[in-house]
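Colleague: Based on what follows, work out the 3D shape:
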Amino acid sequence: MYEATKPQSQRLHQFLADMTRLVNLSPAEDELLSQAQQLLVPLLTHDDWLHPELSQVHPHHPQLYLIYADPANRFSVVSWVSGPGQSTPIHDHTVWGLSGVLRGSQSCQPYSRMSDGRWVPAGFQIDMLPGDVEAVSPRMGDVHKVWNPLPDQACVCIEVYQGNFGETARHFYREDGSRHVFVQGYANVPGMPIAAAVATLPTPSVNVAAAAVSPAIDAPRSTPVLEPLAVVDPQPVAATHPFKWVTFAQVRQMLLDKQEVALVDVREEHSHAQSHPLFAIQLSLGRIEADAWQRIPRRDTPLVLFDNGEGLCVRAAELFQRIGYSDIGLFQNGLAGWAAAGGELFSDVNVPSKAFGEWVETHRKTPSFSALEVKALMDNGSDMLVLDARRFDEFHTMSIPGAIHVPGGELVLRARTLAPKATTRIVVNCAGRTRSIIGAQSLINAGIPNPVCALRNGTIGWQLAGLALAHKAQDTFGEYAEEDRKKTAASALALLFRAGVQRIDLPALRDMQADATRTTYFMDVRTPQEYAQGHVPGAVCAPGGQLVQETDVYLPVRGARVVLCDNDGVRASMTATWLAQMGWESHVLKDVASADFSETDLPPAALPDTIEPVQEVDPVTLKEWLANRSNLSMVIDVGDSSTYVKKHIPGAWWLLRSQMAQDFTRVHKANRYVLTCADGRASRYAVAELRSLVRPGIEVYWLPGGNASWMAQGFSTQQGESYVASPQIDKYRRPYEGADHSPQAMQAYLDWEHGLVEQLRKDGTHGFKVI
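Modeller: Predicted coordinates:
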């Protein structure tokens, strides 16, 4: 071995020792590659240990140097050195391997073989930078070509392969399908034969007995626990309060360090959509007791609350404190303070996901066709499929004529079955841009052989082009073929390793969930119908496409870890690779048997106690009260306004809970009031507040189960806005949902999406890394 100065050489020695322990365990190949990648990445983060003679550039072609050969011939470690612009032919490896970039950059293009024997590019080009690792294996695909894309810098990769790689018989291919056998050999130092190089490498000092108890495969990474937020000099906003103030610099550092934090906008959704920090989540004052325990499950999660001067923060902090949260901070000077400190502000909702979609398109050059181009293909009878990646309710409302509903998380699993001919073009659409881009790039990443593109600007672009949309479409996906699933699962597994996603088993998941120092979200990414038929106990239903689209909704704690599961080996892996690229510590549950999907009932969500006992009324009694005009009863609905407008208990008023004190005066006087909402959860906590607003002797009740319990009795409902007492700011009207928006509003939304990449660059906290 070529020694570097201590302690630099110890890095390599440690890696070799750890690698030897790993192969001693004889794990399955996918587990070995996953764990070996974890060992290799730290070695790549320090460019101070490789001897200069093992990184020499040949003027005409790349070179392979032997760094270490296992005495039992189980693995070897090599350096692969390519000069500016140097490349390889199409070739295979015939063994498992990992290639990681130490310095420079390497590009890689996978290839697949067509039925006529020709080799053609498969999937996307992979651009690797220092620290990136690529896995290969005959089982998951190991035919590619690589090159150094830099014009003035060498590329050095550190690679680990099964066996003695330089002595392994391999093949290079021409595009016409011809195959040629070759043995690479090693360049090594001039005058030093391979045998001598091996002889100089000391065998790592490994205690075989100790190796048998090395850390478990796919063990979760350790993440530092966030210290409580520091207190800064308070500047009162409304009144004296016990909560600490948090600065912009503190929040920014937590985001950069990937520490757990929930940056909570306690305003209503419409206000939130006007302006907020990138990773802010929206949890309005009226939903805290009903939703916080599910969305932010760890009660000592650091919370940073903000508003825009409305005086909501202190009230929200008191609610969080009452229901058990212990680390609560108020953002200093609210939204204005964020802007004054130089923080970037974003509009709209689901911004991290939408910005990531634009980031992906920019870096991967995701192909897209305009609405007019797609319409021309349709008119010409081209062999093509339009796959709509949205939720079914969105698809049913309006869609591209002839499109098939295939939600984003289902695309990769079902595309081969839907388009069995490799020549069939697949066009992925959504309402705007994000799900089209992510859906199309998912198919490309997974190596689907068909030509794939996004419908540029989705249904908005279709409308702006003057084309007619379909309404009330029903055409949706069917069953997938098992043979197609197997092919796709292999591709998804390869992507999993490429993205650095961990695979864990159920005991490891339960250990994570028992860890009181970290937040762990466990989610089933299959369809809601499959979830209802049976799911792993404790899993939350989060269809993969929507999870990637709405990370701010499903994953409110930035820096938390995420565990995903499915029963097909495709959907969880594909979803996890995207989350990992968005900066989430992602895991996929492995070795899940059919019997593990045993839960069919949804246990009632744990909810905090109310301040004081609540009087309840059942739907039948409530109906009798409403019919008695001599003792007037009034229903107040504190649910969301859009649901209220569509369907509510006859005569019910709608109030925004955060404005109940000022808006209750608009409600007609009654002898008793009954509070409700869609499911009864949020209305339960409004009882005490309403009691404080009514005259002594006026009774306030709660309808358990809310409007759902009323409708379950078969009782009639009412629609419309006749009894709306508060401004309907609880919902943001999205310019990509519904067909009644002005062209100006739709174009403005597209312009906003196009500007997100530049906003990300200004913000600097996103942590996105596209593979």
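Colleague: now the helices for the stretch 1-150 of the chain?
Modeller: Taking DSSP state H, counting those that start in this stretch, the helices of the stretch 1-150 of the chain run over residues 8-24, 29-44.
Colleague: Now distance to I504 and mean neighbour count too, for these, in CSV please.
Modeller: For the C-beta atoms, the positions are set from N, CA and C on the backbone; glycine is no exception. CSV is the format used below for the helices of the stretch 1-150 of the chain (distance: least, C-beta to C-beta, whole Å; neighbours: other C-beta atoms under 10 Å):
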stretch, distance to I504, mean neighbour count
helix 8-24, 17, 19
helix 29-44, 10, 20
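Colleague: Format those helices as JSON lines; extra columns: mean pLDDT and distance to S87.
Modeller: Putting these into JSON lines (pLDDT from 0 to 100; distance: least, C-beta to C-beta, whole Å) gives the following:
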{"stretch": "helix 8-24", "mean pLDDT": "83", "distance to S87": "28"}
{"stretch": "helix 29-44", "mean pLDDT": "92", "distance to S87": "22"}
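Colleague: Now distance to L656 too, for those, in JSON lines please.
Modeller: Shown next, in JSON lines, are those (distance: least, C-beta to C-beta, whole Å):
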{"stretch": "helix 8-24", "distance to L656": "57"}
{"stretch": "helix 29-44", "distance to L656": "49"}
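Colleague: which stretches of the chain have low pLDDT?
Modeller: For the chain, applying pLDDT under 70 flags the ranges 1-9, 115, 175, 189-240, 603, 738-739.
Colleague: Next, name the residue at the spatial heart of it.
Modeller: L579 (3.0 Å; C-alpha atoms, centre = their mean).
Colleague: what's T517 sitting at in phi/psi?
Modeller: Backbone torsions for T517, taken as degrees, to the nearest 10, come to phi -100, psi -10.
Colleague: Tell me which residues touch the residue of the chain positioned farthest from its centre, please.
Modeller: Residue farthest from the centre of the chain, counting by C-alpha atoms, centre = their mean, is S630 at 55.8 Å. Under the criterion of C-beta atoms under 8 Å, 6 or more residues apart in numbering, S630 has no neighbours.
Colleague: at 10 Å what do you get?
Modeller: If you count contacts by C-beta atoms under 10 Å, 6 or more residues apart in numbering, S630 has them with N671.
Colleague: go on, A572?
Modeller: 409, 492, 496, 501, 503, 523-526, 544, 563-566, 586-590, 592.
Colleague: how many neighbours does Q184 have?
Modeller: For Q184, the neighbour count with other C-beta atoms under 10 Å is 18.
Colleague: now do V81
Modeller: Using other C-beta under 10 Å, V81 is surrounded by 25 other residues.
Colleague: Just give me the neighbour total for the closest residue to G83 other than its chain neighbours.
Modeller: Using C-beta to C-beta, 6 or more residues apart in numbering and skipping residues adjacent in sequence, the residue nearest G83 is V57, 4.3 Å away. The number of residues packed near V57 is 18, by other C-beta under 10 Å.
Colleague: got the contact list for V57?
Modeller: Going by C-beta under 10 Å, 6+ apart, V57 touches Q63, V81, S82, G83, P84, Q86, N148, Q153, A154, C155, V156.
Colleague: at 8 Å instead, please
Modeller: Going by C-beta under 8 Å, 6+ apart, V57 touches Q63, V81, S82, G83, A154.
Colleague: where's it relative to H535, distance?
Modeller: To H535, V57 is 54 Å away according to C-beta to C-beta, to the nearest Å.
Colleague: Strands of the stretch 551-700 of the chain, residue ranges please.
Modeller: For the stretch 551-700 of the chain, applying DSSP state E, counting those that start in this stretch gives strands covering 561-565, 585-589, 615-616, 633-637, 653-654, 672-676, 699-702.
Colleague: So which elements touch the first one?
Modeller: On a contact count with 3 or more C-beta pairs under 8 Å, 6 or more residues apart in numbering; DSSP states H and E, strand 561-565 meets helix 506-514, strand 520-524, helix 571-581, strand 585-589.
Colleague: Contacts for that strand next, please.
Modeller: Residues from elsewhere that reach strand 561-565, judged by C-beta under 8 Å, 6+ apart: 220, 223, 504, 509, 512, 518-525, 536, 539, 544, 555, 572, 575-576, 579, 584-589, 592.
Colleague: Then the third one?
Modeller: Residues outside strand 615-616 that contact it (C-beta under 8 Å, 6+ apart): V687, E699, V700, Y701, W702, L703, P704.
Colleague: K258 - nearest residue in space that isn't next to it in sequence?
Modeller: Spatial nearest neighbour of K258, chain neighbours left out: G559 (5.0 Å); criterion: C-beta to C-beta, 6+ apart.
Colleague: Hmm, Q253 and the one you found touching each other?
Modeller: No - taking contacts as C-beta atoms under 8 Å, G559 lies outside contact range of Q253: 12.0 Å.
Colleague: which of these two has more neighbours?
Modeller: The residue with more neighbours, out of G559 and Q253 and counting by other C-beta under 10 Å, is G559; that gives 25 against 12.
Colleague: Adding distance to T643 and mean neighbour count, write the strands of the stretch 551-700 of the chain out as a markdown table.
Modeller: Converted to a markdown table, the strands of the stretch 551-700 of the chain look like this (distance: least, C-beta to C-beta, whole Å; neighbours: other C-beta under 10 Å):
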| stretch | distance to T643 | mean neighbour count |
| --- | --- | --- |
| strand 561-565 | 29 | 24 |
| strand 585-589 | 33 | 24 |
| strand 615-616 | 22 | 14 |
| strand 633-637 | 9 | 23 |
| strand 653-654 | 10 | 24 |
| strand 672-676 | 11 | 25 |
| strand 699-702 | 18 | 20 |
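Colleague: want to throw those strands into JSON lines with distance to L33?
Modeller: As requested, the strands of the stretch 551-700 of the chain are arranged in JSON lines below (distance: least, C-beta to C-beta, whole Å):
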{"stretch": "strand 561-565", "distance to L33": "19"}
{"stretch": "strand 585-589", "distance to L33": "14"}
{"stretch": "strand 615-616", "distance to L33": "57"}
{"stretch": "strand 633-637", "distance to L33": "55"}
{"stretch": "strand 653-654", "distance to L33": "56"}
{"stretch": "strand 672-676", "distance to L33": "54"}
{"stretch": "strand 699-702", "distance to L33": "55"}
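Colleague: Mind checking those strands for the one nearest to A336?
Modeller: For A336, the closest of those is strand 653-654, at 30.5 Å, according to C-beta to C-beta.
Colleague: Need the contact partners of that closest one.
Modeller: Strand 653-654 has contacts (C-beta under 8 Å, 6+ apart) with 634-639, 641, 644, 648, 666-668, 723-726.
Colleague: Can I get the buried ones among those residues as something I can paste into ChimeraX?
Modeller: Per 16 or more other C-beta atoms under 10 Å, the buried members of the contacts of strand 653-654 correspond to this ChimeraX selection:
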select :634,635,636,637,638,639,641,644,648,667,723,724,725,726
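Colleague: Out of the contacts of strand 653-654, the closest to L387 would be?
Modeller: Closest to L387, out of all of the contacts of strand 653-654 and judged by C-beta to C-beta, is S641, at 33.0 Å.
Colleague: Touching, the closest one and Q728? I think so.
Modeller: Yes - the pair S641 and Q728 qualifies as a contact (C-beta under 8 Å) at a distance of 4.2 Å.
Colleague: who are the neighbours in contact with A154?
Modeller: By C-beta under 8 Å, 6+ apart, the contact set of A154 is S55, V57, V81, S82, G83, P84, R103, G104, N148.
Colleague: Among the residues you listed, which are located in strands?
Modeller: The strands, defined by DSSP state E, take in V81, S82, R103 from these.
Colleague: Distance-wise, check the second one relative to L263.
Modeller: What that stands for is S82. Between S82 and L263 the computed distance is 44 Å (C-beta to C-beta).
Colleague: burial measure for the nearest residue to Q321 once chain neighbours are set aside, as a count.
Modeller: Excluding its sequence neighbours, the residue lying closest to Q321 (C-beta to C-beta, 6+ apart) is I328, at 6.1 Å. By the criterion of other C-beta under 10 Å, I328 has 23 neighbours.
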